[in-house]
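Trainee: Would you be able to build a 3D model of this:
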Amino acid sequence: MRFHKARHAFSLIELLIVITIIGVLAGMLAFSSVAGVDKANAARIVSDMRSLKTAAILFYTDHGRWPAADFSSAGAATGDAAVLQSYLDRNIASEPFSIVEEQGVVSLRYSLAERPAGVRKMLGKTAKESGLFGAAAGEGAYDGEHADLYMRLARSTP
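Mentor: Here you go, the predicted model:
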(Lines give C-alpha, C1' and ligand atoms only; values in the text may rest on other atoms or scores of the structure.)
Protein backbone atom coordinates (compact mmCIF):
# COMPACT_ATOMS: atom_id res chain seq x y z
CA MET A 1 0.00 0.00 0.00
CA ARG A 2 1.27 3.41 -0.96
CA PHE A 3 0.53 6.57 0.92
CA HIS A 4 0.70 9.99 -0.70
CA LYS A 5 1.95 12.96 1.18
CA ALA A 6 -0.75 15.55 1.73
CA ARG A 7 -0.29 18.75 -0.29
CA HIS A 8 0.23 21.86 1.84
CA ALA A 9 0.43 24.45 -0.92
CA PHE A 10 -2.06 26.09 -3.29
CA SER A 11 -1.74 25.59 -7.01
CA LEU A 12 -1.08 28.51 -9.33
CA ILE A 13 -4.63 28.33 -10.71
CA GLU A 14 -6.15 28.57 -7.24
CA LEU A 15 -4.01 31.60 -6.39
CA LEU A 16 -4.94 33.34 -9.66
CA ILE A 17 -8.65 32.75 -9.05
CA VAL A 18 -8.45 34.23 -5.54
CA ILE A 19 -6.45 37.25 -6.77
CA THR A 20 -8.97 37.84 -9.57
CA ILE A 21 -11.91 37.70 -7.14
CA ILE A 22 -10.18 40.14 -4.78
CA GLY A 23 -9.46 42.47 -7.71
CA VAL A 24 -13.09 42.45 -8.86
CA LEU A 25 -14.33 43.16 -5.34
CA ALA A 26 -11.83 46.00 -4.91
CA GLY A 27 -12.90 47.50 -8.25
CA MET A 28 -16.56 47.38 -7.23
CA LEU A 29 -15.74 49.05 -3.92
CA ALA A 30 -13.77 51.83 -5.63
CA PHE A 31 -16.59 52.44 -8.13
CA SER A 32 -19.25 52.61 -5.42
CA SER A 33 -17.17 54.98 -3.28
CA VAL A 34 -16.72 57.40 -6.22
CA ALA A 35 -20.47 57.27 -6.86
CA GLY A 36 -21.06 57.96 -3.16
CA VAL A 37 -18.81 61.02 -3.25
CA ASP A 38 -20.62 62.33 -6.35
CA LYS A 39 -23.99 61.77 -4.67
CA ALA A 40 -22.82 63.60 -1.54
CA ASN A 41 -21.54 66.55 -3.61
CA ALA A 42 -24.84 66.71 -5.51
CA ALA A 43 -26.79 66.67 -2.22
CA ARG A 44 -24.63 69.50 -0.90
CA ILE A 45 -25.26 71.60 -4.01
CA VAL A 46 -29.04 71.08 -3.68
CA SER A 47 -28.86 71.96 0.02
CA ASP A 48 -26.80 75.09 -0.71
CA MET A 49 -29.27 76.17 -3.38
CA ARG A 50 -32.22 75.71 -1.00
CA SER A 51 -30.40 77.78 1.64
CA LEU A 52 -29.62 80.49 -0.91
CA LYS A 53 -33.22 80.46 -2.10
CA THR A 54 -34.46 80.97 1.46
CA ALA A 55 -31.93 83.77 2.02
CA ALA A 56 -32.95 85.50 -1.24
CA ILE A 57 -36.64 85.30 -0.32
CA LEU A 58 -35.91 86.74 3.14
CA PHE A 59 -33.88 89.51 1.46
CA TYR A 60 -36.83 90.23 -0.86
CA THR A 61 -39.21 90.35 2.11
CA ASP A 62 -36.98 92.83 3.96
CA HIS A 63 -35.94 95.03 1.01
CA GLY A 64 -38.76 94.73 -1.53
CA ARG A 65 -36.41 93.70 -4.35
CA TRP A 66 -34.28 90.75 -5.35
CA PRO A 67 -30.60 90.92 -4.40
CA ALA A 68 -28.05 91.64 -7.11
CA ALA A 69 -25.87 88.81 -5.88
CA ASP A 70 -23.10 87.30 -7.95
CA PHE A 71 -20.25 85.31 -6.44
CA SER A 72 -19.21 83.65 -9.68
CA SER A 73 -16.33 86.04 -10.31
CA ALA A 74 -15.96 88.32 -7.30
CA GLY A 75 -14.99 85.73 -4.69
CA ALA A 76 -15.90 88.15 -1.88
CA ALA A 77 -19.24 89.24 -0.53
CA THR A 78 -19.91 92.89 -1.36
CA GLY A 79 -23.08 94.98 -1.70
CA ASP A 80 -26.26 92.90 -1.81
CA ALA A 81 -24.21 89.72 -1.63
CA ALA A 82 -22.83 90.80 1.75
CA VAL A 83 -26.36 91.49 2.99
CA LEU A 84 -27.52 88.14 1.60
CA GLN A 85 -24.64 86.51 3.47
CA SER A 86 -26.10 87.77 6.74
CA TYR A 87 -29.13 85.48 6.23
CA LEU A 88 -26.95 82.37 6.04
CA ASP A 89 -25.11 80.38 8.67
CA ARG A 90 -21.96 79.77 6.60
CA ASN A 91 -19.80 81.64 4.12
CA ILE A 92 -20.97 81.26 0.53
CA ALA A 93 -18.50 83.64 -1.11
CA SER A 94 -16.67 80.75 -2.78
CA GLU A 95 -19.84 79.24 -4.29
CA PRO A 96 -20.42 80.00 -8.01
CA PHE A 97 -23.99 81.30 -7.88
CA SER A 98 -25.91 84.33 -9.09
CA ILE A 99 -29.50 85.54 -9.19
CA VAL A 100 -30.86 86.07 -12.70
CA GLU A 101 -34.11 87.20 -14.25
CA GLU A 102 -35.14 85.79 -17.61
CA GLN A 103 -38.53 85.64 -19.32
CA GLY A 104 -40.31 86.96 -16.24
CA VAL A 105 -38.82 84.38 -13.87
CA VAL A 106 -36.32 85.14 -11.11
CA SER A 107 -33.99 82.17 -10.59
CA LEU A 108 -30.95 81.18 -8.64
CA ARG A 109 -28.19 80.05 -11.03
CA TYR A 110 -25.40 77.73 -9.88
CA SER A 111 -22.46 77.20 -12.23
CA LEU A 112 -21.41 73.56 -12.58
CA ALA A 113 -18.48 74.28 -14.91
CA GLU A 114 -15.94 73.06 -12.35
CA ARG A 115 -17.94 70.04 -11.19
CA PRO A 116 -17.23 66.49 -12.43
CA ALA A 117 -19.64 64.74 -14.79
CA GLY A 118 -20.66 62.32 -12.03
CA VAL A 119 -22.02 65.18 -9.91
CA ARG A 120 -23.99 66.53 -12.88
CA LYS A 121 -25.41 63.05 -13.50
CA MET A 122 -26.53 62.74 -9.87
CA LEU A 123 -28.12 66.20 -10.02
CA GLY A 124 -29.95 65.12 -13.18
CA LYS A 125 -31.36 62.10 -11.33
CA THR A 126 -32.74 64.22 -8.48
CA ALA A 127 -33.72 67.28 -10.53
CA LYS A 128 -37.46 66.75 -10.65
CA GLU A 129 -38.03 66.24 -6.93
CA SER A 130 -35.47 68.93 -6.03
CA GLY A 131 -36.96 71.62 -8.26
CA LEU A 132 -33.87 72.01 -10.45
CA PHE A 133 -34.06 73.29 -14.01
CA GLY A 134 -31.72 73.47 -16.98
CA ALA A 135 -32.95 76.95 -18.00
CA ALA A 136 -33.64 80.10 -16.00
CA ALA A 137 -37.27 80.25 -17.12
CA GLY A 138 -37.89 76.86 -15.50
CA GLU A 139 -38.70 75.07 -18.72
CA GLY A 140 -37.86 71.42 -18.14
CA ALA A 141 -36.03 69.64 -15.36
CA TYR A 142 -32.23 69.64 -15.29
CA ASP A 143 -30.94 66.73 -17.37
CA GLY A 144 -27.31 66.58 -16.23
CA GLU A 145 -25.96 68.03 -19.47
CA HIS A 146 -26.06 71.81 -18.90
CA ALA A 147 -23.20 73.78 -17.35
CA ASP A 148 -25.64 75.85 -15.27
CA LEU A 149 -28.24 74.68 -12.80
CA TYR A 150 -31.30 76.80 -11.92
CA MET A 151 -33.79 76.90 -9.07
CA ARG A 152 -36.82 79.13 -9.48
CA LEU A 153 -37.32 81.83 -6.86
CA ALA A 154 -40.45 83.58 -8.16
CA ARG A 155 -42.15 85.17 -11.10
CA SER A 156 -40.89 88.72 -11.46
CA THR A 157 -43.27 91.55 -10.79
CA PRO A 158 -44.08 93.98 -13.61
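Trainee: Buried residues, the host helix or strand of S107. List them.
Mentor: Element membership of S107, judged by DSSP states H and E, is strand 105-111. Neighbour counts using 16 or more other CB atoms under 10 Å place V105, V106, S107, L108, R109, Y110 of strand 105-111 among the buried residues. Using the backbone N, CA and C atoms, a C-beta is placed for each residue, glycine as well.
Trainee: Let me know the closest of these to V119.
Mentor: Y110 (11.2 Å; CB to CB).
Trainee: And the closest one, how far from M28?
Mentor: 32 Å (CB to CB, to the nearest Å).
Trainee: now T126
Mentor: 23 Å.
Trainee: out of those two, which sits in the more crowded spot?
Mentor: More neighbours surround T126 than the other of T126 and M28, with 17 against 10 (other CB atoms under 10 Å).
Trainee: which residues does the more buried one contact?
Mentor: Neighbouring residues of T126 by CB atoms under 8 Å, 6 or more residues apart in numbering: A42, V46, L132.
Trainee: element containing the residue nearest the centre of the chain?
Mentor: Nearest residue to the geometric centre of the chain (CA atoms, centre = their mean): A42, 2.4 Å. For A42, the host element (DSSP H and E) is helix 12-63.
Trainee: between that helix and strand 105-111, how big is the angle?
Mentor: 140 degrees (axes from the mean of the first three to the mean of the last three CA atoms, to 10 degrees).
Trainee: roughly how far is helix 12-63 from the heart of the chain?
Mentor: Centroid separation for helix 12-63 versus its chain: 9 Å, with CA atoms, centre = their mean, to the nearest Å.
Trainee: same thing with stretch 61-69?
Mentor: On the basis of CA atoms, centre = their mean, stretch 61-69 sits 26 Å off its chain's mean C-alpha point.
Trainee: In contact with the closest residue to A55 other than its chain neighbours, which residues?
Mentor: Leaving aside its sequence neighbours, A55 sits nearest to Y87 (CB to CB, 6 or more residues apart in numbering; 3.8 Å). Contact analysis of Y87 by CB under 8 Å, 6+ apart lists T54, A55, L58, F59.
Trainee: which among the residues you listed end up buried?
Mentor: Taking 16+ other CB under 10 Å as the criterion, what is buried in the contacts of Y87 is A55, F59.
Trainee: Any chance of JSON lines for the contacts of Y87, columns pLDDT and distance to N91?
Mentor: Converted to JSON lines, these look like this (pLDDT from 0 to 100; distance: CB to CB, whole Å):
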{"residue": "T54", "pLDDT": "89", "distance to N91": "16"}
{"residue": "A55", "pLDDT": "88", "distance to N91": "12"}
{"residue": "L58", "pLDDT": "89", "distance to N91": "17"}
{"residue": "F59", "pLDDT": "85", "distance to N91": "17"}
